[in-house]
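# Give me coordinates for this.
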Amino acid sequence: MMKRESGMKNYPIWVVINPKHPISHDNWTPVLDEIQDRVYRKMNTRIETSNIYFRNAVSESRLVPNTLNWWGPEVAKEIEQFREIAYEYKPKMVFSLGAFAFEFLRRVYEIKPEKGPKAWSNANLGDEFERSIENFDINKTNIIPLLHRVGASGNFIDTNNYFSRKDGENYYRYVGAKLADKIIENKDRLDIWINKSSIQLSSSWIAP
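Numbers count the residues shown, from 1 in each chain. Take a look at the predicted model:
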């Protein structure tokens, strides 16, 4: 089972997980692999992943709300605790894995209206992902929702047509490419590189 937290809070990239679904951590890895591949091909460097800050949204899985006990006082305390560190460290990209983690972050950042337990279908999370990419702003914290569960093949059809994309399209590849493009676009504003001297862009680069 994953510890409550790992990594460095002052790192620009955070990942928030539902403690009821520790496998979510595994579903982050294929997305990161796609990001790293695209970054390396375009920039000849990689993201320093050992410092990424991982955190369970709540300290215990029993606190995760269900339809009978939705967002009780204990969860409200967890939201306040997270808000304190989020406002102190101001990460640039906060990824949520799954519906609960996304709604948790929405409440941390006081995004209205508050949503119920059945609001965040895969399709709705997909819409929010697209919106987060479209409105990405390196000058603020960007909340970016991902799925905590993806079909064995990684295809969109296995995730209830997550973005209503064509059958057979790979979720990890699509999401990873979108995120990598934003990271590359803001390379000079993100202190995340293994070899900082290698990120000088030039017209001589060859596109993948």
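# how close does residue 33 get to residue 100?
Going from residue 33 to residue 100 by C-beta to C-beta, to the nearest Å gives 25 Å. All C-beta atoms are positioned from the backbone trio N, CA, C, and that covers glycine.
# Same drill for these two, tell me which one is more crowded.
residue 100 (24 against 13; other C-beta atoms under 10 Å).
# In what element of secondary structure is the more buried one found?
If you go by DSSP states H and E, residue 100 is part of helix 99-108.
# And that helix, how far out from the chain middle?
12 Å (C-alpha atoms, centre = their mean, to the nearest Å).
# Tell me the helix or strand right after it.
helix 122-134.
# what packs against the following helix or strand past that following helix?
Sequence-wise, the next helix or strand downstream of helix 122-134 (DSSP H and E) is strand 142-146. Applying 3 or more C-beta pairs under 8 Å, 6 or more residues apart in numbering; DSSP states H and E, one finds that strand 142-146 contacts helix 24-43, strand 93-97, helix 99-108, helix 122-134.
# if we go to 6 Å?
On a contact count with 3 or more C-beta pairs under 6 Å, 6 or more residues apart in numbering; DSSP states H and E, strand 142-146 meets strand 93-97, helix 122-134.
# how close does the residue nearest in space to the middle of the chain sit to residue 77?
In the chain, the centroid-proximal residue (C-alpha atoms, centre = their mean) is residue 95; its distance is 1.8 Å. Going from residue 95 to residue 77 by C-beta to C-beta gives 23 Å.
# Could you do residue 113 as well?
Noted for residue 113: a distance of 22 Å to residue 77, by C-beta to C-beta.
# neighbour count winner among these two?
residue 77 (13 against 7).
# Go through the helix or strand that contains that one and flag the buried ones.
Under the criterion of DSSP H and E, residue 77 resides in helix 73-89. Neighbour-count burial for helix 73-89, with 16 or more other C-beta atoms under 10 Å as criterion, is recorded at 75, 78-79, 82, 85-86.
# ditto for stretch 26-38
Quick answer for stretch 26-38 (16+ other C-beta under 10 Å): 27-28, 30-32, 34-38.
# Let me know the closest of the residues you listed to residue 15.
Nearest to residue 15, judged by C-beta to C-beta, of those is residue 28 at 5.8 Å.
# what angle separates the helix holding residue 100 from strand 142-146?
Helix 99-108 and strand 142-146 are oriented at 160 degrees to each other (axes from the mean of the first three to the mean of the last three C-alpha atoms, to 10 degrees).
# neighbouring contacts of helix 99-108?
Outside helix 99-108, the residues within contact range by C-beta atoms under 6 Å, 6 or more residues apart in numbering are 16, 18, 57, 64, 79, 82-83, 96, 115, 120, 143, 145.
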